[in-house]
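*Asks:* would you be able to build a 3D model of this:
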Amino acid sequence: MTALTDPELIKALAAWVGQLKSPYHEDKKLNQYPVKLMSSSPNAWLEIKQIGKGMMEITCIHRVIEQDEYCDLEEVRQECKQFNSLMDRVRLPAYMWEDRSKAEFQLRWQETLVTQADLKYVQRFFEQSLYLANALQSRLGWALNSQPQPLTH
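*Replies:* So this is what the prediction gives:
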């Protein structure tokens, strides 16, 4: 199962918090570049970005499906649109994103943390988004059947 290991997560978050507290870094530079933390799978990662004084944006990203010549893009886009509409109705901070530069569809779970004390919830956000990505990948199984090697988390 794909996971963010606790030591790697703690090390990355400590380095990031250390940069925020460092008197040698300007806030403007930190806002431009989110910290990217890879999981044990190349198809899932986490990005942390400072968005305000003490506020952080956590984005869990899972590659759900890659586009290829066998994929019916319009059908996949329609499924993604329906999924996004459902997530909006149930007020979950998740959405499907088509990254055209990488020719893939990604599930993104985005949370805003108000204080650094809330960083303890990062692992939980990642696990919840992973379960949702796996469910969505199963839902899109008809499109993945035509691919030579389906993605797994």
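*Asks:* and the host helix or strand of residue 61, what's buried?
*Replies:* Using DSSP states H and E, residue 61 sits in strand 55-66. Using 16 or more other CB atoms under 10 Å as the test for burial, strand 55-66 gives 56, 58, 59, 60, 61, 62, 63, 64, 65, 66. No exception for glycine: its C-beta is placed from N, CA and C like everyone else's.
*Asks:* one more: stretch 98-109?
*Replies:* 98, 104, 105, 106, 107, 108, 109.
*Asks:* so how far is it from its chain's centroid?
*Replies:* With CA atoms, centre = their mean, to the nearest Å as the basis, stretch 98-109 stands 10 Å off its chain's centre.
*Asks:* with only the CA atoms kept, save that stretch in PDB.
*Replies:* C-alpha atoms of stretch 98-109 as PDB (Å, rounded to 0.1, in the frame of the first residue of the first chain):
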ATOM      1  CA  GLU A  98      -6.700  16.900 -16.000                       C
ATOM      2  CA  ASP A  99      -3.000  17.700 -16.300                       C
ATOM      3  CA  ARG A 100      -2.700  18.100 -20.100                       C
ATOM      4  CA  SER A 101       1.100  18.800 -19.900                       C
ATOM      5  CA  LYS A 102       1.600  15.300 -18.400                       C
ATOM      6  CA  ALA A 103      -1.300  13.700 -20.300                       C
ATOM      7  CA  GLU A 104      -2.900  12.300 -17.100                       C
ATOM      8  CA  PHE A 105      -5.800  12.700 -14.800                       C
ATOM      9  CA  GLN A 106      -5.100  13.300 -11.100                       C
ATOM     10  CA  LEU A 107      -7.100  13.200  -7.900                       C
ATOM     11  CA  ARG A 108      -6.300  16.100  -5.800                       C
ATOM     12  CA  TRP A 109      -7.300  16.500  -2.100                       C
END
